[in-house]
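Asks: Provide a 3D model corresponding to the input given below.
(4 chains)
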Protein chains: 2
Amino acid sequence: MNLGRDDVGAVLVALADPTRRHLLDTLAETGQASATALADRLPVSRQAVVKHLNVLLDAGLVSSGRAGREVLYQVRPEPLDESARWMADLAAAWDRRLHAIKRAAERRPM
Amino acid sequence: MNLGRDDVGAVLVALADPTRRHLLDTLAETGQASATALADRLPVSRQAVVKHLNVLLDAGLVSSGRAGREVLYQVRPEPLDESARWMADLAAAWDRRLHAIKRAAERRPM
DNA sequence: TCTTTGTGCAACCCTAGGGTTGCACAAACT
DNA sequence: AGTTTGTGCAACCCTAGGGTTGCACAAAGA
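Replies: The predicted structure is shown next:
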(Lines give C-alpha, C1' and ligand atoms only; values in the text may rest on other atoms or scores of the structure.)
Protein backbone atom coordinates (compact mmCIF):
# COMPACT_ATOMS: atom_id res chain seq x y z
CA MET A 1 0.00 0.00 0.00
CA ASN A 2 3.08 2.20 0.31
CA LEU A 3 2.37 5.77 1.38
CA GLY A 4 3.58 9.05 -0.09
CA ARG A 5 7.22 8.86 -1.14
CA ASP A 6 7.41 12.64 -1.71
CA ASP A 7 10.60 13.69 -3.60
CA VAL A 8 9.79 15.90 -6.54
CA GLY A 9 12.54 14.39 -8.65
CA ALA A 10 10.84 11.01 -8.75
CA VAL A 11 7.55 12.62 -9.74
CA LEU A 12 9.19 14.54 -12.57
CA VAL A 13 10.92 11.43 -13.86
CA ALA A 14 7.66 9.51 -13.64
CA LEU A 15 5.71 12.15 -15.54
CA ALA A 16 8.39 12.70 -18.16
CA ASP A 17 7.41 9.56 -20.04
CA PRO A 18 4.41 9.86 -22.41
CA THR A 19 3.37 6.23 -22.02
CA ARG A 20 3.29 6.76 -18.28
CA ARG A 21 1.14 9.86 -18.64
CA HIS A 22 -1.21 7.94 -20.89
CA LEU A 23 -1.29 5.16 -18.34
CA LEU A 24 -2.18 7.60 -15.58
CA ASP A 25 -4.95 9.09 -17.69
CA THR A 26 -6.63 5.76 -18.33
CA LEU A 27 -6.13 4.74 -14.72
CA ALA A 28 -7.70 7.98 -13.54
CA GLU A 29 -10.75 7.50 -15.70
CA THR A 30 -11.28 3.85 -14.78
CA GLY A 31 -10.65 4.76 -11.16
CA GLN A 32 -9.30 1.34 -10.35
CA ALA A 33 -7.63 -1.26 -12.54
CA SER A 34 -5.22 -4.17 -12.70
CA ALA A 35 -2.05 -4.25 -14.77
CA THR A 36 -3.57 -6.64 -17.31
CA ALA A 37 -6.71 -4.57 -17.62
CA LEU A 38 -4.59 -1.49 -18.28
CA ALA A 39 -2.43 -3.34 -20.78
CA ASP A 40 -5.55 -4.10 -22.81
CA ARG A 41 -6.24 -0.40 -23.17
CA LEU A 42 -2.68 0.58 -24.04
CA PRO A 43 -0.48 -0.23 -27.04
CA VAL A 44 2.10 -2.03 -24.88
CA SER A 45 2.52 -5.37 -23.18
CA ARG A 46 1.45 -6.09 -19.61
CA GLN A 47 5.05 -6.31 -18.44
CA ALA A 48 5.75 -2.87 -19.77
CA VAL A 49 2.72 -1.62 -17.88
CA VAL A 50 3.94 -3.30 -14.70
CA LYS A 51 7.33 -1.63 -14.97
CA HIS A 52 5.68 1.74 -15.47
CA LEU A 53 3.38 1.13 -12.53
CA ASN A 54 6.40 0.43 -10.34
CA VAL A 55 7.97 3.72 -11.34
CA LEU A 56 4.69 5.46 -10.57
CA LEU A 57 4.45 3.59 -7.29
CA ASP A 58 7.71 4.86 -5.90
CA ALA A 59 6.91 8.33 -7.09
CA GLY A 60 3.79 7.94 -4.98
CA LEU A 61 1.54 8.72 -7.94
CA VAL A 62 -0.35 5.45 -7.65
CA SER A 63 -1.12 3.05 -4.86
CA SER A 64 -1.70 -0.67 -5.15
CA GLY A 65 -3.81 -3.14 -3.25
CA ARG A 66 -4.53 -6.81 -3.64
CA ALA A 67 -8.07 -8.03 -4.31
CA GLY A 68 -8.12 -11.79 -4.53
CA ARG A 69 -5.55 -12.81 -7.08
CA GLU A 70 -5.35 -9.50 -8.81
CA VAL A 71 -3.53 -6.33 -7.89
CA LEU A 72 -5.54 -3.16 -8.29
CA TYR A 73 -3.94 0.20 -8.87
CA GLN A 74 -5.31 3.60 -8.12
CA VAL A 75 -4.22 7.14 -8.78
CA ARG A 76 -2.91 9.40 -5.95
CA PRO A 77 -3.14 13.18 -6.37
CA GLU A 78 -1.04 14.32 -3.39
CA PRO A 79 2.48 14.15 -4.84
CA LEU A 80 1.09 15.82 -7.90
CA ASP A 81 0.10 19.08 -6.31
CA GLU A 82 3.08 18.91 -4.04
CA SER A 83 5.15 19.06 -7.23
CA ALA A 84 2.86 21.72 -8.61
CA ARG A 85 3.60 23.85 -5.57
CA TRP A 86 7.32 23.19 -5.99
CA MET A 87 7.20 24.40 -9.58
CA ALA A 88 5.12 27.45 -8.79
CA ASP A 89 7.51 28.40 -5.98
CA LEU A 90 10.51 27.96 -8.24
CA ALA A 91 8.89 30.09 -10.93
CA ALA A 92 8.21 32.79 -8.36
CA ALA A 93 11.81 32.70 -7.18
CA TRP A 94 13.07 33.08 -10.74
CA ASP A 95 10.70 35.96 -11.25
CA ARG A 96 11.99 37.81 -8.21
CA ARG A 97 15.55 37.21 -9.32
CA LEU A 98 14.93 38.50 -12.82
CA HIS A 99 13.16 41.59 -11.60
CA ALA A 100 15.94 42.32 -9.13
CA ILE A 101 18.47 42.13 -11.94
CA LYS A 102 16.36 44.32 -14.17
CA ARG A 103 16.02 46.95 -11.46
CA ALA A 104 19.77 46.91 -10.86
CA ALA A 105 20.37 47.44 -14.57
CA GLU A 106 18.00 50.40 -14.72
CA ARG A 107 19.61 52.02 -11.68
CA ARG A 108 23.03 51.89 -13.34
CA PRO A 109 22.19 52.17 -17.06
CA MET A 110 25.43 50.79 -18.54
CA MET B 1 15.87 34.71 -28.77
CA ASN B 2 13.21 31.97 -29.28
CA LEU B 3 9.94 32.61 -27.47
CA GLY B 4 7.80 30.29 -25.33
CA ARG B 5 7.65 26.77 -26.78
CA ASP B 6 4.93 25.76 -24.29
CA ASP B 7 4.22 21.96 -24.34
CA VAL B 8 4.24 20.54 -20.85
CA GLY B 9 5.87 17.31 -21.97
CA ALA B 10 9.06 19.06 -22.96
CA VAL B 11 9.19 20.88 -19.64
CA LEU B 12 8.77 17.65 -17.71
CA VAL B 13 11.48 15.92 -19.69
CA ALA B 14 13.76 18.91 -19.18
CA LEU B 15 13.20 19.00 -15.44
CA ALA B 16 13.47 15.25 -15.00
CA ASP B 17 17.26 15.34 -15.20
CA PRO B 18 19.10 16.30 -11.97
CA THR B 19 22.04 17.86 -13.78
CA ARG B 20 19.62 20.04 -15.67
CA ARG B 21 17.91 21.14 -12.45
CA HIS B 22 21.29 21.95 -10.96
CA LEU B 23 22.14 23.88 -14.07
CA LEU B 24 18.94 25.88 -13.81
CA ASP B 25 19.63 26.65 -10.17
CA THR B 26 23.07 28.05 -10.84
CA LEU B 27 21.79 29.91 -13.87
CA ALA B 28 18.98 31.43 -11.82
CA GLU B 29 21.35 32.65 -9.16
CA THR B 30 23.90 34.10 -11.57
CA GLY B 31 21.03 35.62 -13.54
CA GLN B 32 22.96 35.49 -16.76
CA ALA B 33 25.78 33.21 -17.88
CA SER B 34 27.58 31.60 -20.82
CA ALA B 35 27.90 27.86 -21.33
CA THR B 36 31.58 27.90 -20.40
CA ALA B 37 30.94 29.94 -17.28
CA LEU B 38 28.29 27.44 -16.24
CA ALA B 39 30.54 24.50 -17.01
CA ASP B 40 33.08 25.89 -14.53
CA ARG B 41 30.50 25.75 -11.77
CA LEU B 42 29.25 22.26 -12.61
CA PRO B 43 30.94 18.86 -12.48
CA VAL B 44 30.52 18.32 -16.22
CA SER B 45 32.14 19.44 -19.45
CA ARG B 46 31.10 22.50 -21.44
CA GLN B 47 29.68 20.34 -24.21
CA ALA B 48 27.47 18.51 -21.77
CA VAL B 49 26.24 21.88 -20.52
CA VAL B 50 25.54 22.99 -24.08
CA LYS B 51 23.46 19.92 -24.76
CA HIS B 52 21.48 20.48 -21.60
CA LEU B 53 20.97 24.10 -22.47
CA ASN B 54 19.54 23.09 -25.83
CA VAL B 55 17.05 20.80 -24.15
CA LEU B 56 16.11 23.64 -21.80
CA LEU B 57 15.87 26.00 -24.76
CA ASP B 58 13.26 24.05 -26.60
CA ALA B 59 11.34 23.52 -23.41
CA GLY B 60 11.35 27.31 -23.21
CA LEU B 61 12.91 27.26 -19.76
CA VAL B 62 15.86 29.38 -20.84
CA SER B 63 16.46 31.97 -23.50
CA SER B 64 19.72 32.76 -25.20
CA GLY B 65 21.22 35.89 -26.64
CA ARG B 66 24.54 36.75 -28.18
CA ALA B 67 26.80 39.35 -26.57
CA GLY B 68 29.92 39.78 -28.61
CA ARG B 69 31.48 36.39 -29.08
CA GLU B 70 29.71 34.73 -26.20
CA VAL B 71 26.21 33.38 -25.88
CA LEU B 72 24.43 34.31 -22.70
CA TYR B 73 21.65 32.23 -21.24
CA GLN B 74 18.90 33.29 -18.95
CA VAL B 75 16.14 31.57 -17.06
CA ARG B 76 12.46 31.88 -18.15
CA PRO B 77 9.73 31.30 -15.55
CA GLU B 78 6.65 31.22 -17.81
CA PRO B 79 6.65 27.59 -18.94
CA LEU B 80 7.35 26.67 -15.36
CA ASP B 81 4.14 27.95 -13.87
CA GLU B 82 2.26 26.93 -16.95
CA SER B 83 3.32 23.39 -16.08
CA ALA B 84 2.57 24.04 -12.43
CA ARG B 85 -0.98 24.95 -13.40
CA TRP B 86 -1.21 21.83 -15.55
CA MET B 87 -0.19 19.64 -12.63
CA ALA B 88 -2.51 21.35 -10.18
CA ASP B 89 -5.42 20.97 -12.59
CA LEU B 90 -4.64 17.31 -13.12
CA ALA B 91 -4.45 16.74 -9.38
CA ALA B 92 -7.82 18.43 -8.96
CA ALA B 93 -9.34 16.26 -11.68
CA TRP B 94 -8.04 13.11 -10.01
CA ASP B 95 -9.42 14.31 -6.73
CA ARG B 96 -12.89 14.81 -8.17
CA ARG B 97 -12.75 11.39 -9.78
CA LEU B 98 -11.71 9.66 -6.58
CA HIS B 99 -14.40 11.36 -4.54
CA ALA B 100 -17.04 10.50 -7.11
CA ILE B 101 -16.03 6.85 -6.92
CA LYS B 102 -16.03 6.91 -3.14
CA ARG B 103 -19.50 8.43 -3.06
CA ALA B 104 -20.78 5.80 -5.48
CA ALA B 105 -19.34 3.06 -3.29
CA GLU B 106 -21.03 4.46 -0.17
CA ARG B 107 -24.37 4.74 -1.90
CA ARG B 108 -24.26 1.06 -2.89
CA PRO B 109 -22.21 -0.56 -0.06
CA MET B 110 -21.19 -3.81 -1.83
C1' DT C 1 50.23 40.19 -35.67
C1' DC C 2 50.06 36.53 -32.50
C1' DT C 3 47.70 34.53 -28.69
C1' DT C 4 44.14 33.78 -26.03
C1' DT C 5 39.37 32.41 -25.09
C1' DG C 6 34.44 31.05 -26.23
C1' DT C 7 31.60 28.52 -29.76
C1' DG C 8 30.24 25.02 -32.89
C1' DC C 9 30.50 20.58 -34.92
C1' DA C 10 31.32 15.70 -34.96
C1' DA C 11 32.56 11.32 -33.54
C1' DC C 12 32.45 8.35 -30.08
C1' DC C 13 31.48 5.50 -25.45
C1' DC C 14 28.41 3.52 -22.43
C1' DT C 15 24.62 2.88 -19.39
C1' DA C 16 19.66 3.49 -18.26
C1' DG C 17 15.50 2.21 -19.30
C1' DG C 18 11.40 1.24 -22.38
C1' DG C 19 10.01 -2.69 -24.70
C1' DT C 20 9.63 -7.60 -25.61
C1' DT C 21 9.07 -12.86 -24.92
C1' DG C 22 8.85 -17.09 -22.18
C1' DC C 23 7.89 -19.68 -18.26
C1' DA C 24 6.50 -20.85 -13.56
C1' DC C 25 3.16 -20.35 -10.02
C1' DA C 26 -1.22 -19.33 -7.67
C1' DA C 27 -5.92 -18.34 -7.44
C1' DA C 28 -10.50 -18.84 -9.59
C1' DC C 29 -13.77 -21.23 -12.33
C1' DT C 30 -16.13 -25.80 -14.34
C1' DA D 1 -9.60 -32.98 -11.09
C1' DG D 2 -8.35 -29.97 -14.98
C1' DT D 3 -8.48 -25.42 -17.17
C1' DT D 4 -8.41 -20.88 -17.28
C1' DT D 5 -6.61 -16.30 -16.06
C1' DG D 6 -3.63 -12.83 -13.52
C1' DT D 7 1.05 -12.23 -11.35
C1' DG D 8 5.89 -12.49 -10.79
C1' DC D 9 10.47 -13.29 -12.33
C1' DA D 10 14.17 -13.27 -15.63
C1' DA D 11 16.56 -12.87 -19.72
C1' DC D 12 17.10 -10.35 -23.48
C1' DC D 13 17.10 -6.46 -27.41
C1' DC D 14 17.85 -1.96 -28.75
C1' DT D 15 17.70 2.95 -28.88
C1' DA D 16 17.90 7.49 -26.51
C1' DG D 17 20.59 10.36 -24.37
C1' DG D 18 24.10 11.93 -20.88
C1' DG D 19 28.85 12.19 -21.01
C1' DT D 20 33.36 12.64 -23.16
C1' DT D 21 37.32 14.22 -26.35
C1' DG D 22 39.28 16.59 -30.33
C1' DC D 23 39.49 20.03 -33.65
C1' DA D 24 38.28 24.05 -36.45
C1' DC D 25 36.88 28.76 -36.43
C1' DA D 26 35.83 33.52 -34.87
C1' DA D 27 36.19 37.30 -31.85
C1' DA D 28 38.88 39.84 -28.18
C1' DG D 29 43.20 41.16 -26.10
C1' DA D 30 48.46 41.61 -26.00
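Asks: could you use CA atoms for every contact and neighbour count after this?
Replies: Fine.
Asks: check which helix or strand covers A:Ser64.
Replies: Of the helices and strands defined by DSSP states H and E, A:Ser64 is found in strand A:62-67.
Asks: can you tell me if the helix ranked longest in chain A touches chain B.
Replies: The residue-count maximum for a helix in chain A (DSSP state H) belongs to helix A:78-107. Yes. Remark: helix A:78-107 sits within contact range of chain B at A:78, A:80-81, A:83-85, A:87-88, A:90-92, A:94-95, A:97-98, A:101, by C-alpha under 8 Å from any C-alpha of the partner chain.
Asks: pull the contacting residues for the spatially closest residue to A:Ala39 that is not a sequence neighbour.
Replies: Using C-alpha to C-alpha, 6 or more residues apart in numbering or on different chains and skipping residues adjacent in sequence, the residue nearest A:Ala39 is A:Arg46, 4.9 Å away. Under the criterion of C-alpha atoms under 8 Å, 6 or more residues apart in numbering or on different chains, the neighbours of A:Arg46 are A:35-36, A:38-40.
Asks: how about A:Gly68, phi and psi?
Replies: A:Gly68 has phi and psi values of phi 70, psi -130 when expressed as degrees, to the nearest 10.
Asks: one more: A:Arg76?
Replies: Geometry field for A:Arg76 lists phi and psi as phi -130, psi 110, criterion degrees, to the nearest 10.
Asks: quick check: closest non-adjacent residue to A:His52.
Replies: Using C-alpha to C-alpha, 6+ apart and skipping residues adjacent in sequence, the residue nearest A:His52 is A:Arg20, 6.2 Å away.
Asks: make that A:Asp40, sorry
Replies: For A:Asp40, the spatially nearest residue (C-alpha to C-alpha, 6+ apart) is A:Arg46, at 8.0 Å.
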